[in-house]
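1. can't give you the sequence, but here's the structure:
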């Protein structure tokens, strides 16, 4: 130590011990390990937090995306400048109507038609995929070969009229082509038309459920045999029908000329005159008796039928078609007794030559769409004059339509495998059950229905069969194959059509002695449609209609109940309208109402008839009686679906609002209903729509329904006596 003020020093090697190299290495390893642990813990924590956040976002973000899509869809269709209390249809559809035109090859176009286009694109892609089951009996192979045969216009054009001429030759000679039919057998030709080529001449002959005993099939005979869609078009009652009749006459001459007929104008005029005579004895579908099934239903024996129509040899005809030896006691249902008596007289009084040419003409008309380009052009010209079609359908769409018609279930099996899940089926099933539950409740609230009728109505509801998505047998390839046991070749389109027709007849005639399968589907699963069959008490909702935007499991339920829900309610209500209400829980034509309740029902229905009678479109008055069943179903379906949605909200809580939309979900329900019917039609087609369609024009389907529903006025705060909230309202269900 130095003296005062000096500094202390430490000599090396004394006081602080020096770290060995081994110790330094160990310490460094510990520090590294600790740091690595910290990093791993942090990474795990971040991963956990990210997973938790992503899991939340997977649900939340998916819902937000779906709701944003729904919001854009609704906002793009509405016209907020229109007061919903004055014209709800124009408010809900105005934006869509401004943005969209009618494609050149379509008569109508709408939001539902856009769903159809999406379905068609899916089906086309499926048909163009390689065949996975190439066996000769494979339905998949057959439908794809059929589609290719239809697309082969080079081969179809090469054949020209020859396939049709061969059919005419098979029907007894070349009377259509020559000046005289020569010797021919009326009854043999009648067998060929009805039993080989499935063509209605003079009358229709079908195998159907017996309306008064739905556990069995029966032969049913009804008025038929006209080419134009409504009898009044033959009578020239106004300028429009005169124009259509003139176009039809030109069409007839054109087709007869393509077949090489002689004296074409004379033949066409004679055939047309015969069809006009048929039109004069045909009862219009507008007539009350055509809505009253009980008044039409007339079960007779074959012997009695022979006495009613003596110029027809019924036993000979039916024995040949059904390959049986029918007794005179065999029962058939005659739906047009007076008509058939007059047809018998018409056959007796018509020259043989004209009758022969008419029957051949009917076969020609039915099959000509499958012939070469000149025949198809003639059909398009008639369609353009009748309905305003600017351009023929493209060939691929024509062929898809034919594939749907002749191989519906085979094509449907491909569709549901790719585009409809069992989860969707279960969700729609629940939606149906909710709406049925509401109808069950509504029955107790109807002051016009007595207890006896209410009990029968509830029984019908409980027995009602509901089919959703697709029939289960479509999941079994061998079962599908058995539906199409006929030959198909991709080089013989017309022959494929004939093979399909003959096989369908074979299947139909076999039913006459078979047990009724009430679970059978009328439409294939890809159909953009839904239906109620009163003689089966059955509702069917194919997968083709359970598609966005009518139904989207990710959309708000307000839109699903307003979209597909109102359609489900519509079909359910058909079981209780002026037609379906004539059938009981088993599908039998039985009057299950008390007279007091039925009288009150008719009075309430008359209110709806009067309401729609006051609607006009292009100076044509809507026929309230003709459209009554559909109007009752529209109005009832809207109510049932709305109350079912309220039930859903009570059970699940209110839904999140849609992004940037000021509308409540109750309002969105009604908007979705209206947007089902955002549709444009060509002005020419509206004449035929009002004349022949059992649905009211879309504008009035919406206005007629919402204006008569008290809840609509409340939800949109419509003043009393405003157009959409009249003081006096019609209501049945």
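-> Sure thing, it's come through. All values derive from a computational prediction rather than experimental measurement. Numbering: from 1, shown residues only.
2. Could you verify my assumption that residue 534 touches residue 576?
-> No. Contact criterion C-beta atoms under 8 Å: residue 534 and residue 576 do not qualify, at 10.0 Å. Heads up, the C-betas are built off the backbone N, CA and C, glycines and all.
3. what's the burial count for residue 621?
-> The local packing of residue 621 (other C-beta atoms under 10 Å) involves 12 other residues.
4. for it, which residues make a bridge with it?
-> With DSSP bridges applied, residue 621 shows beta-bridge pairing to residue 616.
5. okay, it: pLDDT?
-> For residue 621, the pLDDT comes out at 92.
6. What of residue 532?
-> Reported pLDDT for residue 532: 96.
7. That one and residue 579 touch, don't they?
-> No. Checked against C-beta under 8 Å, the pair residue 532 and residue 579 is beyond contact range at 9.6 Å.
8. pretty sure residue 227 is in a strand, no?
-> No. Residue 227 is assigned coil when assessed by DSSP: H, G, I helix; E, B strand; the rest coil, not a strand.
9. That one contacts residue 364, correct?
-> No. Using C-beta under 8 Å, residue 227 makes no contact with residue 364, being 10.0 Å away.
10. can you pull the buried residues of the helix or strand where residue 277 lies?
-> Per DSSP states H and E, residue 277 falls inside helix 264-281. Using 16 or more other C-beta atoms under 10 Å as the burial criterion, the residues of helix 264-281 that qualify are 264, 267-268, 270-272, 274-275, 277-279, 281.
11. can you check stretch 416-429 too?
-> Of all the residues in stretch 416-429, those buried under the rule 16+ other C-beta under 10 Å are 416, 419-420, 424-425, 427-428.
12. repeat for stretch 723-733
-> Buried, per 16+ other C-beta under 10 Å, within stretch 723-733: 724-725, 730, 732-733.
13. pLDDT of that stretch, averaged?
-> On average, stretch 723-733 scores 95.
14. List the contacts of that stretch.
-> Residues from elsewhere that reach stretch 723-733, judged by C-beta atoms under 8 Å, 6 or more residues apart in numbering: 84-88, 439, 442, 446, 573, 576, 601, 604-605, 607-608, 611, 632, 635-636, 639-640, 703, 706-710, 712-713, 716, 718-721.
15. Which of those are buried? Put it as a ChimeraX command.
-> The buried subset of those, as determined by 16+ other C-beta under 10 Å, is captured in ChimeraX by this line:
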select :84,85,87,88,439,442,446,573,576,601,605,608,611,632,635,636,639,640,703,706,707,708,709,712,713,716,718
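16. Which ones among the contacts of stretch 723-733 map onto helices?
-> Among those, the ones falling in helices (DSSP state H) are 88, 439, 442, 573, 601, 604-605, 607-608, 611, 632, 635-636, 639-640, 703, 706, 710, 712-713.
17. So which residues of the stretch 501-650 of the chain form strands?
-> Ranges of strands in the stretch 501-650 of the chain, per DSSP state E, counting those that start in this stretch, are 531-533, 538-542, 616-617, 620-621.
18. Confirm that residue 654 lies within a helix, as I assumed.
-> No. Under three-state DSSP, residue 654 sits outside any helix and is assigned coil.
19. How confident was the prediction at it?
-> With respect to pLDDT, residue 654 scores 94.
20. go on, residue 24?
-> Predicted confidence (pLDDT) for residue 24: 55.
21. I'd like the distance between the residue nearest to residue 565 when sequence neighbours are not counted and residue 676.
-> Leaving out its chain neighbours, the residue that sits closest to residue 565 by C-beta to C-beta, 6 or more residues apart in numbering is residue 641, at 3.7 Å. Separation of residue 641 from residue 676 (C-beta to C-beta, to the nearest Å): 11 Å.
22. Between these two, which contacts overlap?
-> Common contacts of residue 641 and residue 676 (C-beta under 8 Å, 6+ apart): residue 566.
23. Pick out whichever of the two has more residues nearby.
-> residue 641 (29 against 23).
24. And the more buried one, how far from residue 621?
-> Residue 641 is 29 Å from residue 621, by C-beta to C-beta.
25. and if you look at residue 657?
-> 42 Å.
26. Please work out which of the strands of the stretch 501-650 of the chain is packed deepest.
-> The highest mean neighbour count among the strands of the stretch 501-650 of the chain, using mean count of other C-beta atoms under 10 Å, belongs to strand 538-542: a mean of 24.
27. name the helices or strands packed onto that one?
-> Counting contacts by 3 or more C-beta pairs under 8 Å, 6 or more residues apart in numbering; DSSP states H and E, strand 538-542 packs against helix 422-445, strand 465-469, strand 531-533, helix 566-574.
28. quick one, which of these is nearest to residue 202?
-> Taking C-beta to C-beta, strand 531-533 is the member of the helices and strands packed on strand 538-542 nearest to residue 202, at 27.3 Å.
29. residues making contact with the closest one?
-> The contact list for strand 531-533 (C-beta under 8 Å, 6+ apart) reads 522-523, 538-540, 571-572, 574-575, 580, 587.
30. Turn these into TSV, columns for distance to residue 123 and pLDDT.
-> Below are those laid out as TSV (distance: C-beta to C-beta, whole Å; pLDDT from 0 to 100):
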residue	distance to residue 123	pLDDT
522	19	92
523	14	93
538	25	96
539	24	96
540	19	96
571	24	97
572	28	97
574	28	96
575	31	96
580	31	93
587	32	95
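31. What's the separation between the residue lying closest to residue 559 once chain neighbours are set aside and residue 661?
-> Leaving aside its chain neighbours, residue 559 sits nearest to residue 672 (4.5 Å; criterion: C-beta to C-beta, 6+ apart). Distance of residue 672 to residue 661, computed by C-beta to C-beta: 12 Å.
32. cool, residue 293 as well?
-> As defined by C-beta to C-beta, residue 293 lies at a distance of 46 Å from residue 661.
33. what's the domain layout of the protein?
-> Structural domains assigned to the chain are 68-99+431-464+548-715, 161-371, following automatic domain parsing.
34. end-to-end on the longest one?
-> Domain 68-99+431-464+548-715 has an end-to-end distance of 23 Å (criterion: C-alpha to C-alpha, to the nearest Å).
35. got it, and stretch 278-293?
-> Its start and end residues considered, stretch 278-293 measures 22 Å (C-alpha to C-alpha).
36. Can you list the buried residues in it?
-> Using 16+ other C-beta under 10 Å as the test for burial, stretch 278-293 gives 278-279, 281-282, 290-291, 293.
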